[in-house]
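1. A structural model of the following input is requested.
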Amino acid sequence: MNTFLLEIVTPEHLVYSKQVNSLTVRGVNGELGILPGHIPLVTPLQVAPLSVKADGVTVSIAVHGGFVEVHKDKVTVLAESAELPRDIDVERAEAAKERAERRLKLQSKQDEIDHRRAELALQRAVTRIKVSTGKGQQ
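-> Numbering: from 1, shown residues only. Next up, the predicted model:
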């Protein structure tokens with residue numbers, strides 16, 4: 001057994017389903033590598049690229065929060081949203097990044113909720129840009 005089934009699911013659709021050799025995710029307590037036969041667990045995910053290795057090829061996928069659920073022969077990522085590199089509009093992500101950075105610079109005029117929303121928007125934009133440019137591989 002040198003593979004496991006990885007499924008990445010959002011509320012809208014199944015983003016990815018394939019037998020893979022390994023998965024690296026960024027949980028709330030740090031980076032986590034998952035190989036076939038990993039012990040069962042569930043952990044929340046950060047907004048960050050995840051790295052999938054299958055058939056000798058490594059692919060990054062932009063994941064925006066959610067959970068990873070690990071079973072003996074299957075891993076499910078339940079994400080708020082997830083995007084494959086080919087689905088990312090880089091120009092839109094760059095514009096979102098710039099807007100979020102501008103909002104964060106004006107933080108003295110904003111309340112804490114708006115500041116947190118801007119931080120999350122910036123994280124999502126940076127994740128999209130990393131994945132789309134191939135720099136999201138860990």
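2. from residue 61, how far off is the nearest residue to residue 48 once chain neighbours are set aside?
-> For residue 48, ignoring the flanking residues on the chain, the nearest one in space by CB to CB, 6 or more residues apart in numbering is residue 26 at 3.9 Å. Using the backbone N, CA and C atoms, a C-beta is placed for each residue, glycine as well. Distance from residue 26 to residue 61, counting by CB to CB, to the nearest Å: 12 Å.
3. the two: which is more packed in?
-> For residue 26 versus residue 61, neighbours defined as other CB atoms under 10 Å are more numerous around residue 61 (25 against 19).
4. surely residue 77 meets residue 42?
-> No: in this structure, residue 77 is not within contact of residue 42 by CB atoms under 8 Å, at 11.0 Å.
5. okay, those two: which has more neighbours?
-> A count of neighbours by other CB under 10 Å puts residue 77 above the other of residue 77 and residue 42, at 24 against 12.
6. confirm that one sits in a strand?
-> Yes: checked against DSSP: H, G, I helix; E, B strand; the rest coil, residue 77 lies within a strand.
7. which strand residues bridge it?
-> Per DSSP bridges, the residues bridged to residue 77 are residue 8, residue 68.
8. picking that back up, between residue 26 and residue 61, which contacts overlap?
-> Listed as contacting both residue 26 and residue 61 by CB atoms under 8 Å, 6 or more residues apart in numbering are 49-50.
9. list the helices and strands the longest helix seen in the chain packs on?
-> Longest helix of the chain, by residue count under DSSP state H: helix 112-132. Other helices and strands packing on helix 112-132, by 3 or more CB pairs under 8 Å, 6 or more residues apart in numbering; DSSP states H and E, are strand 41-54, strand 57-70, helix 90-105.
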